[in-house]
Structures are given as C-alpha cells and as structure tokens.
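Undergrad: model this:
(one chain, ligands or ions: 1)
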Amino acid sequence: MVKKTAPRSQMTSEEFARAVRERLEHMQGVAPSSACVDDVYQAVVAVVRDHLMDSWLATKDMMVHGSTKAVGYLSAEYLLGSQLPNSLLNAGLTDQFEQGVRSLGFDPEQVIEAEHEPGLGNGGLGRLAACYIDSLASLGVPAFGYGIHYQYGIFEQSFDGQGRQVEHPDYWLAGGDPWGHEDLNRSRRVSFGGRVVQEGGRRVWEPAWCVKAVPVDYLVPGYASGRVNTLRLWEARSYDEFDLETFNRSDYLGAVKPQVEAETISKVLYPEDSTLEGKTLRLEQQYFFVAASIADAIATFYPGQDHPDLATLPDRICFQLNDTHPVIGIPELMRVLIDDYGYDWDAAWSITTRTFNYTCHTLLPEALEEWSAELIGSLLPRHLEIIREIDRRFVSDLASRGTGTDQVDRMRIVTAGPDPKVRMAYLATVGGSYVNGVAELHSRLLKEVTLKDFSQVFPDKFMNVTNGVTPRRFVRLANPGLSDLITEGLGTDAWVADLDLLKGLEPLADDPAFVDRFIQVKRQNKEDFAAYSRRRYGFEPDPDTMFDSIVKRLHEYKRQSLKILAVIAQYAAIKDGTADPAGILPRTVIFGAKAAPGYAMAKLTIRLINNVARVIDSDPETRGLLSVFYPRNYNIELAEHLIPATDLDEQISQAGKEASGTSNMKFALNGALTVGTLDGANVEIRERVGAGNFFLFGLEVPEVTRLYEEGYDPRSYYEADRRLKTAVDMVASGVFSDGDRDAYKPLVQDWLNKDYFMTMADFSAYMDIQSTIENAYRDKEGWARKAILNVANSGYFSSDRAVEDYLRQIWHTGPLGQE
Ligand code: 26Q
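TA: Presented below is the predicted three-dimensional model:
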C-alpha cells in the first residue's frame, strides 16, 4: 500500500486571500474592510468549492465513462457536522486558509465557528453514513450518497427551569447553504397515490399527484485521494403549473391539495429513532428520495438512452440500504424495470436482487419498520401489488424448498390477517443479495434471533461488517494535540489514511517520556474543553477531576439511568459519611443526550439528570468531589470537543441491545478508557485493546436471556443492595424535585416493577467496577499506559477498514482507475 501523507494544494496563502477578496467584492458585493465574519465564511466556502471543482468533474467523468462499479449509499440521514475544517484538510488547504484569512484581518477560528452544522440525522446511523462517504472518497471509490435535503434538521435542545427538554426547530439554512449546489436541470418527477388500471396485458399506474425532486449536491473530497464524490440530497418542490394529465380529473380539489403540500415532504427530519409510528409523511419521504435516486442513477449511467440495457445495472451501481428506511427502493426498481422499460418479472427480479444490499442497525423488535399494507396501497398502489407478488413468489419458493408451513408463515413479507403489514426488513432480506449486521455480536444475534428463519434458508446472505469511524474528523481534526504526538511517535502522518499504523505506538506505552507527553496532551484537551464549555455553556468543569462521559441518544436500553443512579449513590455516600472524602476520586460526570420528543420515559430521565446536577452542584459538601454537567444540545461539534477531553467513556447498554455503538470507537481512538458491558462493538474493542485495558461489568447475553425466561424481579436487587435502595428512595422521596414525590413516579415504578433493561440487576456490578476504575486512575502513568494501548489497538475501527470490508464482501468493487 502506498503511504499517503497529508495533501497540500499548490495554491498559496496569497492566492487564497486574493480569491476570498475577489469573491467578497465581485459576488457578494462586500468590501473586505466592511466584511463581517459570516461574509468571510461564505467567501471562503466558495473558494474551497471552486478549488475542488476540477477534481469533482474529473471524478464524475471517470465514474460515468469508466467501468468501475459505483456505490449508491441510500440513507435517510447524514449527520455531517461542520464542513469547512474537513474540506480544508482533505483538499490540503488548511494552512493557506489560516494564513490567508489572517492576512485579511480575520480570526480563522471565528470563521470556522460561523458554520451552522447540518444536523440531518438522529445519531449513530446518520453519523455512520457521513463517515462512510468520507472513506469512500478517501479510498477513491466512485460513490454517490443519496438522501434528503431536510429544511429542518434534528431539533435543537434546551432545558427549561425544571430541567425538562425543550425542542426548538433547527433552521440550519438561515444563513444560506453555501456548500450546497442546487441542480435544477437534474430534477426528477416523483409520483404518488392514484390507482392501477389494466391496459391490454399491462398494469398501468395512474398517479394522483407528483412532486419535483430537486438535487442539492455537496462535494465529498477524499483525503489525499484526489477524488471528489457527490452527496446528492433531494429537496421536494411543487410543480408551478401542475400537469393535468397526471391528475385524477374527477377529483380536482383532492388532487390539488397534496400538490400544494408537496414541499412538506422534505421539510423536517423525524426525530424518532426507535419507536416507529407509521406516518404517511415518513413513507412519502422514504419513497421520495429513493425514487428520485434510482431515476438519477439510471440517467447518470445511461445518459440520453431511451432503451438502456439495464441488465448491466448491477455492474454499474450497487445500492446499499442504510437500514430499512430506503427499502421501498426494491419494489420501485421492479416497477421501473417492468412498467417503464418492459422487462419481464424474472429479468427484473434478477437485476433488482443483484443491485441491492441491506444493513440492519438494530436488535429491538419495536425498531423494525412495518408499514400497513393499506397505507402503502393508498400512497403507492402499484408498489403494493409488486410487494404482494414478491411475497407470493417468495412463499412458493420456500414451499418448493421444503420449508415447513409454520416457518413459511413466520417469514411472510406481508403478514396475514385483517390489517396486513409489510415487514420492511424481510422485504430487504429477500430483495437483495446480502444482509449485514454492524458488529460481530450483532450479526450473530441477527442470524440466531431476529432473522433466524431467513439465515436458515439463506445462510450465505448473512455477513458482518463491524462499523468504523473516520479518523480524519474524529482524530486528526478533533484532537490535534494527540495527532501531533502520534505523528511524532510513528515518524509519519500516514496513519491518517491507514489507521492500522497506530499499532506502531504499542511499544511507546512503555516509554516514560512518551507516556508523559500523552498525559500532557490529555490535560491540555481537558483545559481546552473547560474553556470551550465556559464560553458555550457558562459552566467550567475542573480539569483536575476525572472527566467521565456518557453521550448518546437517550434510550432506556442505553441505560443512562444506571449512570444517574450510581451518581446518586455516590452523592449519598458523601452526604452520610460512608465515603471518606480523602478516599474519593474527584469526578465530573458529563451527560449529552437528546430524547425523541414523544418518548416520555426518556424525557423524564433528562429531567432527573438535570435536577441531580442542580442538587449536587449547589451542595457545598460535594464541592471538588463530584459534579454533574449536562450541556444542552449534544451534536457533532460538542462531540468533537468532548471526546478528546474524556478520561472514562461509558458504554453501559444492556447486553444484546446496542447493535454496535460508534462513540465507543471514537473514545478509544482518543485515549479514553471504556467502562462497558459485553454489547455491540464493545466486545471487539475489548478483544483488541486487551481485557486489562477495558473495564467490563454486567450481565452477558445468555444471562439476560435466562433471566427473562425465569422471570425477572427488579425489586429483589433493590432490596439486596443498600446503595441502590438509598438511591432509588432518594428519587422517590423528592430530593431531586423539591419534595415532590410524584415527579419521577413513572421512572421509580418502572425500576421496581418492570425494568425491562435490567438496570437494577447490573447496579451492584457497576458500582463495584467503579472502585476498580478509581484505583486504576490514581496511578496516572498506569492509566495513560492503558489509554495509549487503546489508541494503538483501535486502528481497526477506522471507517476506511469498514468500507474495505463492504467492498470485498458485499459490493465487489474498488477504487476508480484500477479496472
Ligand atoms: C424510522 C422510521 C420512522 C421514523 C424514524 C425511523 C428511524 C430513524 C433513525 C429509525 C432508526 C434510526 C436510527 C437508528 C440508529 O442510529 N441506530 C444505531 O446505528 C448505529 C450505526 O450502525 C449503531 O452503532 C447503533 O448501535 C444503533 O443504535
């Protein structure tokens, strides 16, 4: 492999400054002397985009005219984070930007902070998509990311006076969209509703209304690859004058109404990420972006052809379904092939099944999408017919393989009964070549539990690709101090494009000078975070305390309540003198989490955390010993500041519930130690970094299963552990609600009577491992040594490796220009 070092563009800083000035004066009409930071930001973005344009055109040209199969990543979410620092790094323009902007009298830091991050995703799945498009471009693989140009991204979170979550719309486009390139000439028509009629031997869909899908393109520059791929996000517009032919003439007003409402389709990202309501608008969003993307791919690879040979489609592009959200693409491609291009069923099925693959991201049954057949039928009548036909043929295929009738019934894509449902995960499994889970444990559980019947019949379909994260954003950019130290330690910065090289740091864990430098870097990151936090939130965590972080969406299965109960128990021990102040390890516990607006239990947990923080931080007895900090609005920017500053990372989900986790990888790569259960990718992290450098606790999957079967009694754990009893009783008695004993009743009742995720059962083990952690932390050098070994052995968790796994096992393609 060629060792790639940081790219540097030919452009000088003088040229950069000149281009910015030019842009300000001639395009924006602002004299540099009267420009504000936002003006400069806009001009800088234009300069960077301009600079990437030639490579973008060349990449697209090679993709269309070459013979390398492209990847079409279909994802309803891309949680991009800020674009400027990443584009500068990948384009080799960082120094020129800094010097150029300074020469114009501006602070580069402020220009970078002028960006409002596009929060077009909920959490892990959306961020993973963003990491994968970065890696695809960096590896030089021709790829399109396809998604939705939501006008409102994930809501902005604040807290009210009682500590409750308040949601505010995230109008991320307020300052324009300087990175987006709207391409009106590539727009596509997407139709909905109506009916299907028989015309001769053909079924003909007569839709009732349609919308225009307008692409907004974002450049995705690879790191040191010279390639620039495309992220194409679709925006819904109504046609100015609607085309009467498309309409059902007998219902004129009924047809106009949805037309008028067309633009709502891409208005807002749904903030739910597990409990799924079958809302029409959500299905409209899914079909909208997938239909536009499939039409776009055909137009791109078969330009100007009325009768393209679509039998070659699987050689030109493969579509990866990021969870079930884009699965309606399977019947859509069938419809296009059969209805629009005249292929027969078998030919269309062969093309379709070789074009799609499906990644599953969950183990929770309630998170598996099911749409009522009635809803699909009213919005997409032709697709429902096709889905029913896929199901019919699938069932007869199973029968001919000798699959038992019970099993066949369990496997039906369309459920039987009065209100039939379409199971999207099953449709994806049947309609594509491969299905993959996102960590080894998850992939195994998919085969053994969630999709067991399918893995019995189609064992070769099932794959694992353990998730990964991009080292560019989450190490090189987020943690410059550690990056410099790594580069120094390895004698090269080639690790940024080849993260396995981190292994070379392993011997340095025994080098006292290196360990010392490592300690200094972490210390500096903690001070930087404290300063950032004071500016942003008005709270300054004390860098002399251990920074103990738990950041992820708020979910019962992720068990933020286990953490808060442990904090309360520690608080109680300080108050009642059980804990000797001299023996307490000073900590700052940092929470970051948004809850789905309709998820009552999660929102109540947020309120509890905020009030525990309030009570503890206003209590003089805990000063310098225990502090709880819950910054509002956890997002990519906050992650980039917090992760490098963290000492202890909490990955404490109930075993068998977190598909993978990806923040666990980011923390390990940034030299935090993990306290975690054997769940998701924690298992692989522990294997790689070494059991001695990972704090394991809690029930494991077989024990959880056994407890469910035997009958789980949370109250028995409450009775058995004084620390737990004290903590729960404090919540119940109103200590964190000004005496109001009802405030947290639903939470307390759940803990004592249901506790589906077994927080009570894991509490004692969790408290016990905390003492082990504290002892380990007191040995400063020993802790740093463990942290270095985490960094050195986490190279595997690069999204470059994950994408290479997809290329080898699933996509069967590779970089441009190597065919
Ligand atoms: C679906 C239908 C309707 C409304 C919303 C949704 C929806 C939206 C987002 C369902 C799920 C999500 C997001 C899921 C998610 O982020 N899953 C996480 O994916 C990560 C990347 O693989 C894993 O690391 C995490 O373990 C997994 O929880």
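
Undergrad: which SSE is the closest residue in space to residue 648 that isn't next to it in sequence in?
TA: Of all residues not flanking residue 648 in the chain, residue 548 sits nearest, at 4.4 Å (Cβ to Cβ, 6 or more residues apart in numbering). For glycine as for every other residue, the C-beta is placed from the backbone atoms N, C-alpha and C. Using DSSP states H and E, residue 548 sits within strand 546-551.

Undergrad: Against which helices or strands is that strand packed?
TA: Judged by 3 or more Cβ pairs under 8 Å, 6 or more residues apart in numbering; DSSP states H and E, strand 546-551 is in contact with strand 587-592, helix 636-642, strand 648-651.

Undergrad: Beyond it, next helix or strand please.
TA: According to DSSP H and E, the helix or strand after strand 546-551 is helix 560-575.

Undergrad: And this structure, what are its domain boundaries?
TA: According to automatic domain parsing, the chain comprises the domains 1-66+83-115, 69-81+117-366+431-449, 545-784.

Undergrad: Same list (the ones you listed) but as a markdown table, adding distance to residue 373, mean neighbour count and mean pLDDT.
TA: Output for the domains of the chain, formatted as a markdown table (distance: least, Cβ to Cβ, whole Å; neighbours: other Cβ atoms under 10 Å; pLDDT from 0 to 100):
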| stretch | distance to residue 373 | mean neighbour count | mean pLDDT |
| --- | --- | --- | --- |
| domain 1-66+83-115 | 38 | 17 | 95 |
| domain 69-81+117-366+431-449 | 11 | 20 | 94 |
| domain 545-784 | 25 | 20 | 98 |
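
Undergrad: Using TSV, lay out those domains together with distance to the ligand.
TA: What follows is these, written out as TSV (distance: least, Cβ to the nearest ligand atom, whole Å):
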stretch	distance to the ligand
domain 1-66+83-115	20
domain 69-81+117-366+431-449	3
domain 545-784	4
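
Undergrad: can you list these in JSON lines and add distance to residue 498?
TA: Listed next are the domains of the chain as JSON lines, based on distance: least, Cβ to Cβ, whole Å:
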{"stretch": "domain 1-66+83-115", "distance to residue 498": "7"}
{"stretch": "domain 69-81+117-366+431-449", "distance to residue 498": "10"}
{"stretch": "domain 545-784", "distance to residue 498": "14"}
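
Undergrad: Minimum distance to residue 522: which of the helices and strands packed on strand 546-551 has it?
TA: Closest approach to residue 522 among these is made by strand 648-651 (11.7 Å; Cβ to Cβ).

Undergrad: which other residues reach that closest one?
TA: 546-550, 563, 658, 661, 663-664, 667-668, 672-677, 679-680, 682, 773, 777 (Cβ atoms under 8 Å, 6 or more residues apart in numbering).

Undergrad: Please apply the same query to stretch 561-570.
TA: Residues contacting stretch 561-570 (Cβ under 8 Å, 6+ apart): 550, 579, 584, 589, 591, 605, 608-609, 612, 616, 626, 628, 650, 652, 723-724, 726-728, 730-731, 736, 747, 751, 759, 762-763, 766-767, 770.

Undergrad: Mind checking which of those residues land in helices?
TA: Among the contacts of stretch 561-570, the members falling in helices (DSSP state H) are 605, 608-609, 612, 616, 723-724, 726-728, 730-731, 747, 751, 759, 762-763, 766-767, 770.

Undergrad: just checking, what packs against the biggest helix by length in the chain?
TA: Secondary structure of the chain per DSSP H: the longest helix is helix 37-65. Applying 3+ Cβ pairs under 8 Å, 6+ apart, one finds that helix 37-65 contacts helix 13-26, helix 84-91, helix 94-103, helix 108-113, strand 209-221, strand 228-237.

Undergrad: That helix: what's the following helix or strand?
TA: strand 70-74.

Undergrad: picking that back up, nearest to residue 288, out of the helices and strands packed on strand 546-551?
TA: helix 636-642 (25.4 Å).

Undergrad: Export that closest one to PDB, keeping only CA atoms.
TA: Extracted in PDB, the C-alpha atoms of helix 636-642 (Å, rounded to 0.1, in the frame of the first residue of the first chain):
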ATOM      1  CA  ILE A 636     -21.200  16.700  16.300                       C
ATOM      2  CA  GLU A 637     -19.400  19.900  17.400                       C
ATOM      3  CA  LEU A 638     -19.800  19.100  21.100                       C
ATOM      4  CA  ALA A 639     -18.600  15.500  20.400                       C
ATOM      5  CA  GLU A 640     -15.500  16.800  18.700                       C
ATOM      6  CA  HIS A 641     -14.700  18.900  21.800                       C
ATOM      7  CA  LEU A 642     -15.700  16.500  24.500                       C
END
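
Undergrad: so how far is it off the chain centroid?
TA: Once both centres are worked out by Cα atoms, centre = their mean, to the nearest Å, helix 636-642 turns out to sit 14 Å from its chain's centre.

Undergrad: what does it contact?
TA: For helix 636-642, the external contacting residues (Cβ under 8 Å, 6+ apart) are 79-82, 117, 119, 127, 473-474, 477-478, 528-529, 532-533, 549, 551, 590, 592, 631, 663, 666.

Undergrad: Up against the ligand, what does the stretch 401-550 of the chain have?
TA: For the stretch 401-550 of the chain, the residues in contact with the ligand (Cβ under 6 Å from any ligand atom) are 438, 467.

Undergrad: Strands of the stretch 401-550 of the chain, start to end?
TA: With strands called from DSSP state E, counting those that start in this stretch, the stretch 401-550 of the chain shows them at 421-423, 435-437, 462-464, 546-551.

Undergrad: Turn the ones you listed into JSON lines, including distance to residue 178.
TA: Conversion of the strands of the stretch 401-550 of the chain to JSON lines gives the following (distance: least, Cβ to Cβ, whole Å):
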{"stretch": "strand 421-423", "distance to residue 178": "40"}
{"stretch": "strand 435-437", "distance to residue 178": "36"}
{"stretch": "strand 462-464", "distance to residue 178": "39"}
{"stretch": "strand 546-551", "distance to residue 178": "29"}
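
Undergrad: so which of those strands comes closest to residue 168?
TA: Nearest of these to residue 168, taken as Cβ to Cβ: strand 546-551 at 19.9 Å.

Undergrad: Distance from the chain centre to that closest one, please.
TA: On Cα atoms, centre = their mean, the centre of strand 546-551 falls 20 Å from the chain's centre.

Undergrad: Quick check: phi and psi at the residue of the chain positioned farthest from its centre.
TA: Most distant residue from the mean C-alpha position of the chain: residue 200, 47.2 Å away (Cα atoms, centre = their mean). Geometry field for residue 200 lists phi and psi as phi 60, psi -130, criterion degrees, to the nearest 10.

Undergrad: list the contacts for it?
TA: Residue 200 neighbours (Cβ under 8 Å, 6+ apart): none.

Undergrad: Show the pLDDT at the closest residue to the ligand within the stretch 451-600 of the chain.
TA: Proximity of the stretch 451-600 of the chain to the ligand (Cβ to the nearest ligand atom) peaks at residue 467, 5.1 Å away. Note on residue 467: pLDDT of 98.

Undergrad: gap between the residue nearest to residue 778 when sequence neighbours are not counted and residue 544?
TA: Once flanking residues are discounted, residue 778 sits nearest to residue 585: 6.8 Å by Cβ to Cβ, 6+ apart. Distance of residue 585 to residue 544, given as Cβ to Cβ, to the nearest Å: 11 Å.

Undergrad: before we move on, what about residue 277?
TA: If you go by Cβ to Cβ, the gap between residue 277 and residue 544 works out to 47 Å.

Undergrad: what ranges do the helices span in the stretch 201-350 of the chain?
TA: 252-260, 280-301, 313-316, 329-335, 345-355 (DSSP state H, counting those that start in this stretch).

Undergrad: what angle separates the second one from helix 345-355?
TA: Okay, so that is helix 280-301. 90 degrees (axes from the mean of the first three to the mean of the last three Cα atoms, to 10 degrees).
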